[in-house]
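In: Sequence plus predicted model, see below.
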Number of protein chains: 2
Amino acid sequence: MRKTIFKNEVGNEYRSITDINSLESPKYGDLSDVKKAINEIESVIGLENIKDSSSELLIHSDNSSNFHKPNENERPYIVALPSTIEQVSEIAKICHRYRIPMIPYSGGTSIEGHFIPTRRGICIDVSKMDKILAVHEDDLDVVVQPGIGWMELNEELDQYGLMFGCDPGPGAEIGGMVATSCSGTNASRYGTMKENVISLKVVLADGTIIKTKNRPRKSSNGYNLTGLFVGSEGTLGIIVEATLKLHVKPENEIVAIMNFNHIQEAAKTVTDIFKKGIVVNAVELMDDRQMKCIREMTQDIEGGRQWSDKNLLLFKLGGSPGALKDTVERVKDICHQNNGFNLEIATSTEEKDEIWRTRKTQLWTSIDWAKRIIPNARAWPTDVAVPVSRLPKVIAETVADIEEHGLMTTVVGHVGDGNIHALVIFPPDKLAAAETVVGKMVQRAIANEGTVSGEHGVGIGKRDFLVAELGQATVDTMRSVKLALDPLRLLNPDKIFKIDPFEKRVENC
Amino acid sequence: MRKTIFKNEVGNEYRSITDINSLESPKYGDLSDVKKAINEIESVIGLENIKDSSSELLIHSDNSSNFHKPNENERPYIVALPSTIEQVSEIAKICHRYRIPMIPYSGGTSIEGHFIPTRRGICIDVSKMDKILAVHEDDLDVVVQPGIGWMELNEELDQYGLMFGCDPGPGAEIGGMVATSCSGTNASRYGTMKENVISLKVVLADGTIIKTKNRPRKSSNGYNLTGLFVGSEGTLGIIVEATLKLHVKPENEIVAIMNFNHIQEAAKTVTDIFKKGIVVNAVELMDDRQMKCIREMTQDIEGGRQWSDKNLLLFKLGGSPGALKDTVERVKDICHQNNGFNLEIATSTEEKDEIWRTRKTQLWTSIDWAKRIIPNARAWPTDVAVPVSRLPKVIAETVADIEEHGLMTTVVGHVGDGNIHALVIFPPDKLAAAETVVGKMVQRAIANEGTVSGEHGVGIGKRDFLVAELGQATVDTMRSVKLALDPLRLLNPDKIFKIDPFEKRVENC
């Protein structure tokens, strides 16, 4: 019988944590290994499911919202399009045998350089695995493949009066949503991906297929591997199936909006609502800069809404008739106590959709607006979250600092979660200033017990910030877990934290 | 520079999973190491914080609800009572240096033999670390030490109108609640520990202190270590501080109860309520056997409630006046549509408390009742959870099978979570029959896509069931994680899964 040698040995100590400097560089297969691997992968999925045109390779390395860009040589050797779990497992076994990096890919909408193939490798694109495998109406759950988008899923669920809870950017697919632990505007009511994934099937680095849990909503049977893979950004395994919680679509839902002269008043409104235990289906904030942008970009659209340029709170409220009546009254009272004004209530589908769509597309609206004002404007999306009570202070200091550096910004917030996206807008020659204000934003978040990433993840862009936020020992613990499940460091290398002390990658913003 | 050797090597393959048969037995310190370790621990926490009387050693190895018992030699060498995180870390460093097993201990109420010191070692009892460190009213969170009980925490939170969401058995403390990923009657509304822990401080096997997250409710910054430690049963680290979500105490809460002739009708009532999106604060089931037991045990109490012996649903309903009115009406209608009868609504604190206390103490009531009927009756608590739609079938088959084997049972259920506790009651000479029915219950849960442990955890009692439920590869993945964070296998050995292929422990039921 062969013995496993299990060592994480620095000197004679068996440590729980792994110092990056105790590692050697990973050793990957050479080009002849790559060629053999591709040949074997072809025999598994067929030539028609292998893409290697330069446009496909680029699409699978970058997107237009990525602030952190791949370097020119950072392209996968090929894109593989498996159709089954078994095929994914076979591809992983081949890559494992030849020591070829693997980069899982689904919707490709993440914005922290999550799928930059820093060591080249094989891009495993699960977009052909886009089926709903089972809707369990009575149990309020659904079993899906990783390549289905959340919007397509919701379209299908509509006939059952059900919905999925997380609503990140349009285009996102379940595999990547699991991997980045995303959320969206619904999170304060329905939770993030962490709270909405019941169980996963995962292909590990060596091709092993595991199921993390069975289908009941509640289980304390063994380690919470589901929770470990959610947010692991493709570095621990490839998500190949997910069982997700569903929610009953809220009845009688209305959208209410209200203006505030001061952001502090808007934030206190939200705190007051939560402290009273009032359940709102969503609550979002857009600051006066964001509203000025939206006003200017929409005022000439015929028949469109005329937006005020004051700070805005947007609510989704719903429930039984009696509950809704009470909720609307109480939210209105608290808004007024905090000097809110211009209350509007939208009840028609068209009106509700127009308001919420304006919120959901603000990133692109802001970028277009910036380009009107600054030629070739660049935009750096940020994603700080702090305890809700710290939010007004953090927003005020952030905006002041950005403007003091001569840059522009718009701010939106998942205010119920304490999560804000301040978009740092700057001319290309002011990248250094942008880096300074983002760095200070990070320090400010940490000084306020906050996080640098509320929902976007770490990718390649925020690795240093992760250490700043949680400390070296915590990141070294993550590295121990990574090396346990992927000792050859094949899965999505260089993401979340360093795996190579001698990494020489040049950052490309 | 020293190099970390990271290998999980079977033959020449670097695997993601760890086959138990690839391991050697762990090597622990001998008695002279133990003596040195105890001396050093004494210098850290003082002699007054070391207990070694036989009664203390017994209490820290067993409790009256444990079905799986320690063998006679299974006692810790000492019980250490640290007061600070740094002391816990120092103790861990000492144990790590001398290779002495460590068993974390808080409330000691778990029932699967979670803290049996199978390899002796040092029991680290955190009961002196029982403070609330900060209540953040505006952020709805609290920072606590691990030795505080959830009931004491709720008493303190009462002045703020706040509560903690999980309500396991009386006496449970936060450290153990985190470790076992427990829940209780509130889970279908407020979630289990998995959903209620924001962040942890943990002492790892080698004494490293880490913080898993900062304080915002939402973060996607790096691996979800919080989620990994929740439910790790003391095998990955010692929980030394927790930041927990709080909930606003529900307003206008009433308790409603209703009888059903058939358990199917009760279960369908719950499914129908959830499918309509009606929010109930809790819904519990007690079957007719349980109700017969309660009726018989309480009917002679003067002034006490006269219970019917029919299947019973118990609800907690609350909300604003308009919402509560609607909810009561709708729940009542659905109950009646499913042939419910004997609706009673309790609004006074005394009445509500009497009803809910009867539910919360049913385990002991059932054991006392069993002893009236069967001399020296034994009781085996079980904890199956299945998708809600499977519940009526699973309950019916379970009860029939237990009775066909000539044993008795009572059934209660966290029916909103599909989680039932069937108590298998038997005379001591029918242990074999009890083992048979429990084994079949496990198979039945798995056949219905269920879990063997809804909320009690695995401990030493359910290790084989874990493999049956999730498969060998999943458990071998958990073992890889364990060995990465605790390569010397010091933390709570032998729990959840085997760590020693040559383990020779004799099961003691």
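Out: Ah, there it is. Residues are numbered from 1 along each chain as shown, chains lettered A, B, ... in the order given.

In: measure A:Gly318 to A:Thr327 for me?
Out: Counting by Cβ to Cβ, to the nearest Å, the gap from A:Gly318 to A:Thr327 is 8 Å. Where C-beta positions appear, they are placed from N, C-alpha and C, glycine not excepted.

In: which one of these two has more residues nearby?
Out: Using other Cβ atoms under 10 Å in any protein chain shown as the criterion, A:Gly318 and A:Thr327 rank with A:Thr327 on top: 25 against 21.

In: shouldn't that one be in contact with B:Ser320?
Out: Yes: judged on Cβ atoms under 8 Å, A:Thr327 makes contact with B:Ser320 at a distance of 7.1 Å.

In: Pull up the overlap in contacts between these two.
Out: A:Ile278 (Cβ atoms under 8 Å, 6 or more residues apart in numbering or on different chains).

In: does chain B sit close to stretch A:176-194?
Out: Yes: contact of stretch A:176-194 with chain B (Cβ under 8 Å from any Cβ of the partner chain) involves A:Thr180, A:Ser181, A:Cys182, A:Ser183, A:Ala187, A:Gly191, A:Thr192, A:Lys194.

In: what distance separates that stretch from the centre of its chain?
Out: Offset of stretch A:176-194 from its chain centre (Cα atoms, centre = their mean, to the nearest Å): 8 Å.

In: Could you pull out the helices in the stretch 351-500 of chain A for me?
Out: A:362-373, A:391-404, A:431-447, A:463-470, A:472-485 (DSSP state H, counting those that start in this stretch).

In: err, the stretch 201-350 of chain A, not the other one
Out: A:225-229, A:263-275, A:288-298, A:321-337, A:349-360.

In: Adding mean pLDDT, write these out as CSV.
Out: Listed next are the helices of the stretch 201-350 of chain A as CSV, based on pLDDT from 0 to 100:
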stretch, mean pLDDT
helix A:225-229, 98
helix A:263-275, 95
helix A:288-298, 96
helix A:321-337, 96
helix A:349-360, 95
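
In: hey, which of these is tucked in deepest?
Out: Most buried of the helices of the stretch 201-350 of chain A, by mean neighbour count (mean count of other Cβ atoms under 10 Å in any protein chain shown): helix A:225-229, with a mean of 26.

In: For that helix, C-alpha coordinates in CSV please.
Out: Output in CSV follows, covering the C-alpha atoms of helix A:225-229 (Å, rounded to 0.1, in the frame of the first residue of the first chain):
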residue,chain,number,x,y,z
LEU,A,225,-18.1,22.2,1.0
THR,A,226,-20.9,24.0,-0.8
GLY,A,227,-20.0,27.1,1.1
LEU,A,228,-16.3,26.6,0.4
PHE,A,229,-16.8,26.4,-3.4
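
In: Which parts of the stretch 1-150 of chain A are strands?
Out: A:9-10, A:13-14, A:50-51, A:78-80, A:102-105, A:122-125, A:132-136, A:141-144 (DSSP state E, counting those that start in this stretch).

In: With respect to chain B, which of these lies nearest?
Out: strand A:13-14 (4.1 Å; Cβ to the nearest Cβ).

In: which bits of the stretch 301-450 of chain A sit near chain B?
Out: So far as Cβ under 8 Å from any Cβ goes, the stretch 301-450 of chain A lies against chain B at A:319-323, A:325-327, A:330, A:385-389, A:414, A:417-419, A:446, A:449-450.

In: Could you find the closest non-adjacent residue to A:Phe67?
Out: A:Trp380 (5.3 Å; Cβ to Cβ, 6 or more residues apart in numbering or on different chains).

In: ok, the one you found touching A:Met441?
Out: No: using Cβ under 8 Å, A:Trp380 is not in contact with A:Met441; the gap is 9.9 Å.

In: out of those two, which sits in the busier spot?
Out: The neighbour comparison of A:Trp380 against A:Met441 (other Cβ under 10 Å) goes to A:Met441, with 25 against 22.

In: which residues does that one contact?
Out: Going by Cβ under 8 Å, 6+ apart, the list of residues near A:Met441 reads A:Thr382, A:Val384, A:Thr398, A:Asp401, A:Ala422.

In: And A:Lys213, by the same measure?
Out: Counting by Cβ under 8 Å, 6+ apart, A:Lys213 has contacts A:Ile198, A:Ser199, A:Leu200, A:Ser219, A:Asn221, A:Leu225, A:Thr226, A:Thr243, B:Thr451, B:Leu470.

In: Now it: phi and psi?
Out: With angles defined as degrees, to the nearest 10, A:Lys213 sits at phi -160, psi 170.

In: Roughly how far does it sit from A:Pro493?
Out: 28 Å.

In: same question, A:Gly471
Out: 23 Å.

In: quick one, which of those two is more surrounded?
Out: Ranked by neighbour count (other Cβ under 10 Å), A:Gly471 and A:Pro493 place A:Pro493 first, with 26 against 14.

In: Around the residue lying closest to the more buried one once chain neighbours are set aside, how many other residues sit close by?
Out: Excluding the flanking residues, the one nearest A:Pro493 by Cβ to Cβ, 6+ apart is A:Arg119, at 4.8 Å. Other residues lying near A:Arg119 total 21 when counted by other Cβ under 10 Å.

In: Could you double-check that A:Arg119 sits in contact with A:Leu491?
Out: No: here A:Arg119 lies out of contact with A:Leu491, judged by Cβ under 8 Å, at a distance of 10.9 Å.

In: Now list whatever residues contact both of these two.
Out: A:Pro101.

In: rewinding a little: what's the closest of the strands of the stretch 1-150 of chain A to B:Ala37?
Out: Counting by Cβ to Cβ, B:Ala37 lies closest to strand A:13-14 out of the strands of the stretch 1-150 of chain A; the figure is 15.9 Å.

In: so where's chain A shaky on pLDDT?
Out: A:1-13 (pLDDT under 70).

In: ok, A:Val467 touching A:Met478?
Out: No: when contacts are counted by Cβ under 8 Å, A:Val467 is not listed as touching A:Met478 (10.4 Å).

In: Among these two, which residue is more densely surrounded?
Out: The neighbour comparison of A:Val467 against A:Met478 (other Cβ under 10 Å) goes to A:Met478, with 25 against 17.

In: Leaving out sequence neighbours, find the closest residue to the more buried one.
Out: Distances taken as Cβ to Cβ, 6+ apart put B:Tyr223 closest to A:Met478, at 4.5 Å, once the chain neighbours are dropped.

In: Quick check, A:Pro375 in contact with A:Pro427.
Out: Yes: contact criterion Cβ under 8 Å: A:Pro375 and A:Pro427 qualify, at 7.3 Å.

In: who's more crowded, those two?
Out: It is A:Pro427, of A:Pro375 and A:Pro427, that has more neighbours when counted by other Cβ under 10 Å, with 18 against 8.

In: For the more buried one, give me its contacts.
Out: Contacts of A:Pro427 (Cβ under 8 Å, 6+ apart): A:Ile374, A:Pro375, A:Asn376, A:Ala377, A:Arg378.

In: rerun that using 7 Å as the cut-off
Out: By Cβ atoms under 7 Å, 6 or more residues apart in numbering or on different chains, the contact list for A:Pro427 reads A:Ile374, A:Asn376, A:Ala377.

In: Out of the residues you listed, which comes closest to chain B?
Out: Of the contacts of A:Pro427, the one sitting nearest to chain B (Cβ to the nearest Cβ) turns out to be A:Ala377, at 27.0 Å.

In: mind listing the strands for the stretch 151-300 of chain A?
Out: Taking DSSP E, counting those that start in this stretch as the criterion, the stretch 151-300 of chain A carries its strands at A:162-163, A:197-203, A:209-211, A:238-245, A:247-248, A:254-260, A:282-286.

In: Could you measure from the residue in the stretch 351-500 of chain A that chain B sits nearest to over to B:Gln290?
Out: Nearest to chain B in the stretch 351-500 of chain A, going by Cβ to the nearest Cβ, is A:Ala484, at a distance of 3.3 Å. When distance is defined by Cβ to Cβ, A:Ala484 is 44 Å away from B:Gln290.
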